Structure formats: C-alpha cells, structure tokens
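Visitor: Here is a sequence with its predicted model. Questions after.
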Amino acid sequence: MLSIARFFQLVLGGIVVGTMFAVWAGFDSRGFSYTTFVEHHQNAVLGLNILVPALASLAILLTFYIAYLQRAWRGQMVLLLVAAGCMIVAGLATRFGCQPINAIVDTWTSDAPPTDWEVLRAEWWHYHFVRMVAGTVGYSLIVFAVVRPQH
C-alpha cells in the first residue's frame with residue numbers, strides 16, 4: 001500500500017508543482033499589456049483554477065497518509081509533515097492570494113482597464129511566487145523522503 005500511495009503522491013505533486021513552475025517560467029505577465037494579461041489570465045484560470053487545487057489537495061492528503069504509515073520512523077514522519085506544511089502554505093497562497101484576484105480579473109473585459117489593474121497583476125505574481133517556492137520546497141522534501149535510504 002505504501003508504494004501505491006507514494007506513486008500517486010509523486011505523480012500528483014509533480015503535476016501541481018510542474019504547473020506552478022511552468023506558469024512562473026512561461027507566463028511572467030508583468031510585461032503584458034492589459035488586453036494580453038486579461039485574455040491569458042482568464043484562459044489560464046478557466047483551465048487551472050479548480051483542477052490544480054484539487055490535485056494539490058489529494059497530494060497533501062496522501063502525504064499525511066504516508067506520514068501516518070511511516071510513523072514508526074519518526075524522522076521520515078516529521079519530514080513528510082513538514083513537506084505537507086509547505087504544500088499547505090502553497091494552498092493558502094492560492095486560496096487567499098491568487099484566487100481572490102482571479103475572481104476580480106474574471107469580471108474584467110479586454111476593452112475597459114481598471115485603474116489599479118497593474119497593482120493587482122503584481123499582487124497576483126507575488127502570491128504565485130510564494131506558492132511556487134513553498135510548493136517546490138514541499139515537493140522536494142517529498143521526493144527526498146521517497147529516495148532516502150531506509151533507517
């Protein structure tokens with residue numbers, strides 16, 4: 001059972017953190033015009049706003065489950081709990097940082113820019129960077145927990 005849980009933990013976590021990294025590396029919207037920003041952002045939100053948090057939630061639950069299964073190896077359990085904590089920080093940055101801004105941007109039209117649009121774009125980028133770093137650290141700890149030698 002542990003191997004199956006680890007497999008899905010790695011696959012789901014890889015998809016989630018890979019998506020975060022891809023957005024960071026390929027979607028630096030800070031230089032976009034208003035129209036380009038709105039069109040790209042609304043399209044990305046449409047495809048990712050529900051799916052990625054759902055996959056992340058499953059990865060976090062699997063991490064807690066695996067930590068429980070490995071509770072006899074205290075160091076492993078603690079490592080996995082810290083990893084889950086990092087992934088939760090990424091989720092909180094998404095839920096309370098990025099998603100409220102997503103909801104605002106979803107109401108915009110490409111022909112009527114609000115006066116504060118650049119401020120919101122910068123705030124969204126900040127929260128995305130926070131979640132990407134927290135998610136990457138958490139996923140790295142998960143991978144380390146999988147590949148480290150048994151005690």
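Guide: Arrived safely, thanks for sending.
Visitor: For the rest of this, base every contact and every neighbour count on C-alpha atoms.
Guide: Fine.
Visitor: Check which helices and strands the longest helix that the chain contains sits against.
Guide: Scanning the chain for the longest helix, with DSSP state H as the assignment, gives helix 117-147. Judged by 3 or more C-alpha pairs under 8 Å, 6 or more residues apart in numbering; DSSP states H and E, the packing partners of helix 117-147 are helix 2-26, helix 74-93.
Visitor: buried ones in it?
Guide: 117-118, 120-121, 124-125, 127-143, 145-146 (16 or more other C-alpha atoms under 10 Å).
Visitor: Could you dump the helices and strands packed on helix 117-147 into JSON lines and include distance to residue 47, mean neighbour count and mean pLDDT?
Guide: Listed next are the helices and strands packed on helix 117-147 as JSON lines, based on distance: least, C-alpha to C-alpha, whole Å; neighbours: other C-alpha atoms under 10 Å; pLDDT from 0 to 100:
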{"stretch": "helix 2-26", "distance to residue 47": "11", "mean neighbour count": "17", "mean pLDDT": "95"}
{"stretch": "helix 74-93", "distance to residue 47": "17", "mean neighbour count": "21", "mean pLDDT": "97"}
